[in-house]
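Trainee: Sequence first, predicted model second:
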Amino acid sequence: MSTDVTGVFVRLKLSLLRNGLRQSAGRRAAYAASAVVVLLFGALQLLGLVMLRGNAHAESVVVLLVAVLALGWAVMPLFAAGGDETLDPTRLVMLPLRPAPLMRALLAASLVGIGPLFTLCLLAGSVIALAHGPAAWAVAVPAAVLALLVCVAAARAVATANIRLLTSRRGRDLAVLSGLVVAVGAQVVNFGAQRLGSSGLSQLDPATEVLRWVPPASAIGAVRSAGEGSYGAAVLQLALSAAALAGLLAWWSHHLTRLMTSPDGSTLQAVADAAEGGRTSAGLARVLPAGRTGTVMERSLRYAWRDPKTKAAWVTSLAVGLIVPLFNAVQGTGSIYFACFAAGMLGIQMYNQFGQDTSAFWMVAMTISSRRDAYAELRARALALLLVTLPYATLVTVLTTALLGDWAKLPAVLGLSLALLGAMLATGAWASARFPYSIPQEGRKNVAPGQTGLAWMSIFGGMAAAALLCAPVIAVTIWLNVTPGGDGWTWLLLPGGALYGAAVTSLGLRLAAPRTAERLPEILAAVSKG
């Protein structure tokens, strides 16, 4: 008696969803809230696309939307494979299944969920916006189904081809880039929306002429071609999407067969990673100071490079610190002082310095027997952060100045950035000693349960204090800009801001050192809860 493999996998997917929701009431509430938001947004998108029906530029909007949607499906597994066990076919390696029925079952299971439903809403709205006439409606249904299958097959093929990488440490590190992708994508969407608002939808027409022949957008473009009587073009566009689907299925089958029959070489890769890490460490140690300072700096930099949570924070800060000033400068709506955002975002990394050590902080605590030791520890951590922040903040400031063409204000902005950075290092050192909290190593939360209030006080209280510490430099900057003839003296803000930032940092470290030395047991208990 044959077994309906597809039905089994669909029921398995439903069981995984159901059992996951049974774990806690909070998870059920979060899933329900996200489902409501996604479905409501999908319904609004469907309504908006339907309202585009009859618009001269409807095809431009729809084709571009489908192309972006397909791109999202293709890159999604690179960031979500570790959090979705259904994308990992190696869990099925012991089952006696052939590739063809296994692929059909996995493809059907992939159509279960909020994501496919949201995609179907967008595709339905897209074909409704373009369908005019019986021929267009006859093409609309197969076009929407074909586009959906291409999206899902692309996600499955990418996940299968990269699953060895995505389930390794490097793969978990790759998920760090999701913050960068979201930040860049949000700014690109914002920039594009502003350009469209000022120039109109006609700006999309050149891109549409190309994308309407690129699968799976070509399947949606076939609806418009059929409605205009271009039946040959419609058939060709559908054939392109069908060929893309066949190619994705063949690629998926190849990697799935190799994955289910070849040995796992992850241990060899781990050895190579360890050797590479050793070489990097040796090279880094040669350029750092000797003694405790260099050792602590190297440890901090290794955390930033290897620890997923620490790397996520660094990548997000680097990305947002660059994107905000540059995108505002490109749009012509920003100020040169937005360049200070880079120093502010990286200065946040000084907060909760001991949280990244987790329970291993006891080894650090064993090396601190006096206030002098605590000062040396905090100073080295600040120097490690400055090693990246100083050149990065300078680069962002220069790039922002170049885009705006306001070179006369470069010294003032750079001096203000250095003063702000010094104030954040000072308050960050004190907050690390006074409000430490644990960063869980598992899951996506960056704060252990029950310590959210500590995190808020540490970060936002410290940022407010840093702004107050920076008030003298800010006041001088404003005074020189509003005083007649003061523009000629703004260059003094560069050395002045640098000296002020260095003085504030030194004072903050010296005030935080006694607090750190006195509260070692409390800090260890706080950072060990995750």
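Mentor: Looks like it arrived, so ask away.
Trainee: Can you list the low-confidence ranges for this structure?
Mentor: When residues are selected by pLDDT under 70, those of the chain lie in 1-3, 24, 26-27, 79-88, 164-204, 262-285, 333-334, 442-445, 530.
Trainee: where along the protein do the strands fall?
Mentor: With DSSP state E as the definition, the chain shows no strands.
Trainee: Pull up the gap between the nearest residue to Leu12 once chain neighbours are set aside and Val8, please.
Mentor: Leaving out its chain neighbours, the residue that sits closest to Leu12 by C-beta to C-beta, 6 or more residues apart in numbering is Ala109, at 7.0 Å. (Each C-beta comes from the backbone N, C-alpha and C, glycine too.) Distance, Ala109 to Val8, by C-beta to C-beta, to the nearest Å: 9 Å.
Trainee: Comparing those two, which residue is more hemmed in?
Mentor: Of the pair Ala109 and Val8, Ala109 is the one with more neighbours under other C-beta atoms under 10 Å, namely 21 against 12.
Trainee: from memory that one sits against Leu16, does it?
Mentor: No: proximity of Ala109 to Leu16 does not meet the contact threshold set by C-beta atoms under 8 Å, at 9.3 Å.
Trainee: who's in contact with Trp430?
Mentor: Counting by C-beta atoms under 8 Å, 6 or more residues apart in numbering, Trp430 makes contact with Gly462, Gly508, Leu511, Ala512, Arg515.
Trainee: Please pick the buried ones from those residues.
Mentor: Neighbour counting by 16 or more other C-beta atoms under 10 Å classes Gly462, Gly508, Ala512, Arg515 among the contacts of Trp430 as buried.
Trainee: Now do the contacts for the second one.
Mentor: Put plainly, it is Gly508. Residues counted as contacts of Gly508 (C-beta under 8 Å, 6+ apart) are Ala423, Leu425, Ala426, Thr427, Gly428, Ala429, Trp430.
Trainee: redo that, cut-off 6 Å
Mentor: Going by C-beta atoms under 6 Å, 6 or more residues apart in numbering, Gly508 touches Ala426, Ala429, Trp430.
Trainee: and if you look at the last one?
Mentor: By C-beta under 6 Å, 6+ apart, the contact set of Arg515 is Ala433.
Trainee: Same question for the third one.
Mentor: Contact criterion C-beta under 6 Å, 6+ apart gives Leu378, Ala429, Trp430, Ala433 as the residues in contact with Ala512.
Trainee: With distance to Leu12 as extra columns, can I get these in a markdown table?
Mentor: Output for the contacts of Ala512, formatted as a markdown table (distance: C-beta to C-beta, whole Å):
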| residue | distance to Leu12 |
| --- | --- |
| Leu378 | 52 |
| Ala429 | 51 |
| Trp430 | 52 |
| Ala433 | 50 |
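Trainee: List the ones among those residues that fall in helices.
Mentor: Using DSSP state H, the members of those that fall in helices are Leu378, Ala429, Trp430, Ala433.
Trainee: since we're on the second one, how many residues are nearby?
Mentor: Spelled out, it's Ala429. Counted with other C-beta under 10 Å, Ala429 comes out at 30.
Trainee: Without its sequence neighbours, what residue ends up closest to it?
Mentor: What sits nearest to Ala429 in space, not counting adjacent residues and going by C-beta to C-beta, 6+ apart, is Ala512, at 4.0 Å.
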